[in-house]
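**Student:** here's my sequence, what's the structure:
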Amino acid sequence: MADQAIEGTKMKLYYNRHAYPLDLERCPCDLHFVQYLESRRLEGKTIFHFGTGDHHLVGRDNHERGNPNEILAITASYQPDTGRSGEHESYIDFIVNNPAAANYYKVLFADVYTLSPRTLPNFDVVTLFHLCEFYNEEKSRYARLDDRKLLEMLLSKLNAGGKVLFYTKSAGYVEKGREAAALVDDFISQGKLSIEDEYEALLICRRGGSY
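**Tutor:** Numbers count the residues shown, from 1 in each chain. Purely as a prediction, here's the structure:
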């Protein structure tokens, strides 16, 4: 870990140079998620949401529905020297104009692979819609986690009865060697995950008994 820290000082953060608008044709996962929360009447939950989009649909919908849940989201969207803002800046704009939403929707700017279980609370719901989309073995070598370790860590932060959701049409699931699909299947086969439900293109799992 010390070697990683020393090496990391010589590198730049591997961030996302895009801010993703809401595109329901290409990526409806956040829409499916807010519909799932409402249809299952999930309220009073603590949610970890990986990838906000420039639209912040999950946080905005929560606010519009009276803030039934508390959400910690993460983005690494940063667009320097372009004259455009990233997803964290659009979050700031949102809560400046809707300050009550800040009580229930918080967005962290960070590389998700640098998270630590010691700095995170426990969650009732975790979304990993973009699993296996952003880790790069070379550019992310400063990070303490990879996709497998990220999934392991967030499973360890699930409350009893907690759920982890995957988007089965993501780039990680259907492209890039289907790495996310293979990883989820491996966790299921080992008994670390068990399938509970499906909703639209979302796969809803619980932590398995062998975890």
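
**Student:** C-alpha from now on. contacts and neighbour counts both.
**Tutor:** Fine.

**Student:** tell me the centre residue of the protein?
**Tutor:** The centre of the chain sits closest to Phe50, judged by CA atoms, centre = their mean, with a distance of 1.2 Å.

**Student:** contacts only, for that residue.
**Tutor:** With contact set as CA atoms under 8 Å, 6 or more residues apart in numbering, Phe50 has these partners: Ala73, Ile74, Thr75, Val112, Val126, Thr127, Leu128, Phe129, His130.

**Student:** quickly list what it is bridged to.
**Tutor:** Taking DSSP bridges as the rule, Phe50 bridges to Ile74.

**Student:** ok, longest strand in the chain?
**Tutor:** Counting by DSSP state E, the longest strand found in the chain is strand 158-167.

**Student:** which outside residues touch that strand?
**Tutor:** Against strand 158-167 from outside (CA under 8 Å, 6+ apart): 29, 122-131, 155, 173, 201-207.

**Student:** quickly run through the sheet partners of it, with directions.
**Tutor:** strand 123-127 (parallel), strand 202-207 (antiparallel).

**Student:** for that strand, give the mean pLDDT please.
**Tutor:** For strand 158-167, the mean per-residue pLDDT is 97.

**Student:** mind listing what's buried in it?
**Tutor:** Of all the residues in strand 158-167, those buried under the rule 16 or more other CA atoms under 10 Å are Leu158, Gly162, Lys163, Val164, Leu165, Phe166, Tyr167.

**Student:** same question for stretch 33-50.
**Tutor:** Phe33, Val34, Gln35, Tyr36, Leu37, Thr46, Ile47, Phe48, His49, Phe50.

**Student:** OK, contacts around the first one?
**Tutor:** For Phe33, the contact set (CA under 8 Å, 6+ apart) comprises Val58, Leu202.

**Student:** circling back to that earlier point, mind checking which of the contacts of strand 158-167 are buried?
**Tutor:** 29, 122-131, 155, 173, 202-207.

**Student:** for stretch 106-116, which positions count as buried?
**Tutor:** Neighbour-count burial for stretch 106-116 [16+ other CA under 10 Å]: Lys106, Val107, Phe109, Ala110, Asp111, Val112, Tyr113, Leu115.
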